[in-house]
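Engineer: take this sequence and fold it.
(4 chains)
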2 protein chains.
Amino acid sequence: MAAPALSEAETGTLHEQIVSKLRAVLLNGELADGTRIPEAQLCLRFGISRTPLREALKVLAAEGFIELRPNRGSIVAPIDPVEVGHLFEMKGALEQMIGRLAAVRATPEDAERIERAHAALGRPADPAAYTALNQDFHRALAVATHNPVLLQSYDNLQKRVLRLRFVVNENPQRVLESFGEHEGIMVAFRARARLDLAERLEEHNRLTGEAVMRTLKGESA
Amino acid sequence: MAAPALSEAETGTLHEQIVSKLRAVLLNGELADGTRIPEAQLCLRFGISRTPLREALKVLAAEGFIELRPNRGSIVAPIDPVEVGHLFEMKGALEQMIGRLAAVRATPEDAERIERAHAALGRPADPAAYTALNQDFHRALAVATHNPVLLQSYDNLQKRVLRLRFVVNENPQRVLESFGEHEGIMVAFRARARLDLAERLEEHNRLTGEAVMRTLKGESA
DNA sequence: CGGGTCATTTTTGAATGCAAAATGTCGTCC
DNA sequence: GGACGACATTTTGCATTCAAAAATGACCCG
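Structural biologist: Below is the predicted model of the structure:
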């Protein structure tokens, strides 16, 4: 019998579990951006002492999810429209790389995972499920590059961008456009057309970024 | 009177100082890759207790410089030829992005910094100095993108690659080639030719990577 | 009634202490 | 001579403790 596939949050050392759990809390939008994070409260919540919690905070700060202010506590990293632009720009460079590499390196298993993720995306459930499936789809392409360094950076960016969905709601118009773009991406992928795949992924990312930026600016105005 | 510009290692909280200092130690090649890092020894060396040291270790692990093995201590991240290939590949994507953006966004001040860094590189001193100046030059181009997200990722990759110089010595032949490539890069930069600059940076990175990989394979064989 | 100062409380940063896991040592047996 | 196993030692992971810095609030003065 195979091992029961423990989720990342229930294995490893205590502080590693806390990193996963706390990151999940932040990505679930439970703590609004900019709010203070009292250590004692989190210790109570997770049932641990401050030592592993503080280790986790340092790691999450390095990942860009929280901000440490010496002697003044940690805060959930504020969402800055300028930084969001930079995040999408950086993600665009990775998407291009993903396109060029995945088209060439995808194994049959990779291709099947990508097809499945794309198919799952075809039947739109609630918005929250759509977001998760969309992430899975794009991540499956990143996995197909077989470059762990790239994948780790991509995961980080994807998660940091993911936090935005609580300040800018998914725009239904944009979701519809995405379907078409995803189809185009799959066409290029099935043809293993590396430059086309790169271009379509980059453009898809750029359009999403622009939509997010418009909403961000609209709401702040 | 301006503040005396403290180096990163002497400011901020204790654990932040340790992160910088310890990273510097690793980049100086004082600890060979794969060697164990006894916590007590480092505490003694830095004159601190284990708490901030362990926080620093977690951060450096997240950055990819060390590896944490639960209950079995930390080791200096082993240099794996396959991973080195992945690092250069990822760096290549960023170099392209740097080329496309820096050509367009560089301010006159950026341009001057880049020119100065390039000029400093022209008079080759000892190999160690050359490596540092070379890093400065490429970093100056990254700064000119005015994208901090990119810059942070680039810094990380640059430093991780930097560790290699202790396992593969700078190859004089390759250094000579670099001079020519740097000239080409500057020509493209001065003309603000974004696609050319991107291509030359990418190619320069690829050639360096290939040279390193050849040496790595040669030495392991 | 508002602003400012000082004492009190809370919270953070780092050191210490303690239990569990891993490592090393020695003796035994084959 | 080498493999195995019990014991002692070391090292790690986490909880607890202590000191210093920031936040809070009471009090006074204008």
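
Engineer: any idea how far A:Phe137 is from the closest residue to A:Thr107 other than its chain neighbours?
Structural biologist: Spatial nearest neighbour of A:Thr107, excluding adjacent residues (CB to CB, 6 or more residues apart in numbering or on different chains): A:Ala144 at 7.6 Å. Where C-beta positions appear, they are placed from N, C-alpha and C, glycine not excepted. A:Ala144 sits 11 Å away from A:Phe137, taking CB to CB, to the nearest Å as the criterion.

Engineer: give me the common contacts of those two.
Structural biologist: A:Ile114 (CB atoms under 8 Å, 6 or more residues apart in numbering or on different chains).

Engineer: where in chain A is pLDDT low?
Structural biologist: Chain A contains residues with pLDDT under 70 at A:1-10, A:124, A:220-221.

Engineer: tell me the helix or strand right after the helix or strand hosting A:Gly92.
Structural biologist: Per DSSP states H and E, A:Gly92 falls inside helix A:81-105. Remark: after helix A:81-105, the chain's next helix or strand is helix A:108-122, criterion DSSP H and E.

Engineer: send the alpha carbons of that next one over as PDB?
Structural biologist: Taking C-alpha atoms only, helix A:108-122 is exported to PDB below (Å, rounded to 0.1, in the frame of the first residue of the first chain):
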ATOM      1  CA  PRO A 108       3.800  12.300 -22.700                       C
ATOM      2  CA  GLU A 109       2.900  12.300 -19.000                       C
ATOM      3  CA  ASP A 110       3.400  16.100 -18.800                       C
ATOM      4  CA  ALA A 111       1.200  16.500 -21.900                       C
ATOM      5  CA  GLU A 112      -1.500  14.400 -20.300                       C
ATOM      6  CA  ARG A 113      -1.400  16.400 -17.100                       C
ATOM      7  CA  ILE A 114      -1.600  19.600 -19.100                       C
ATOM      8  CA  GLU A 115      -4.500  18.300 -21.200                       C
ATOM      9  CA  ARG A 116      -6.400  17.200 -18.000                       C
ATOM     10  CA  ALA A 117      -5.800  20.500 -16.300                       C
ATOM     11  CA  HIS A 118      -7.100  22.300 -19.400                       C
ATOM     12  CA  ALA A 119     -10.100  20.000 -19.700                       C
ATOM     13  CA  ALA A 120     -11.000  20.600 -16.000                       C
ATOM     14  CA  LEU A 121     -10.800  24.300 -16.700                       C
ATOM     15  CA  GLY A 122     -13.400  23.900 -19.400                       C
END
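
Engineer: direction-wise, compare that helix with helix A:81-105 and give the angle.
Structural biologist: When axes from the mean of the first three to the mean of the last three CA atoms, to 10 degrees is applied, the directions of helix A:108-122 and helix A:81-105 differ by 130 degrees.

Engineer: contacts for helix A:108-122?
Structural biologist: A:102, A:106, A:130, A:133-134, A:136-137, A:140-141, A:143-144, A:179, A:182, A:186, A:189.

Engineer: which among these gets closest to A:Arg160?
Structural biologist: Checking the contacts of helix A:108-122 against A:Arg160 by CB to CB gives A:Asn134 as the nearest, at 15.5 Å.

Engineer: my read: that closest one touches A:Ser178, true?
Structural biologist: Yes - with contact defined as CB atoms under 8 Å, A:Asn134 counts as touching A:Ser178 (7.3 Å).

Engineer: buried ones in the top helix by length along chain A, by neighbour count?
Structural biologist: Identified as the longest helix of chain A according to DSSP state H is helix A:194-220. The neighbour-count criterion (16 or more other CB atoms under 10 Å in any protein chain shown) identifies A:194, A:196-205, A:208-209, A:211-213, A:215-216 as the buried residues of helix A:194-220.
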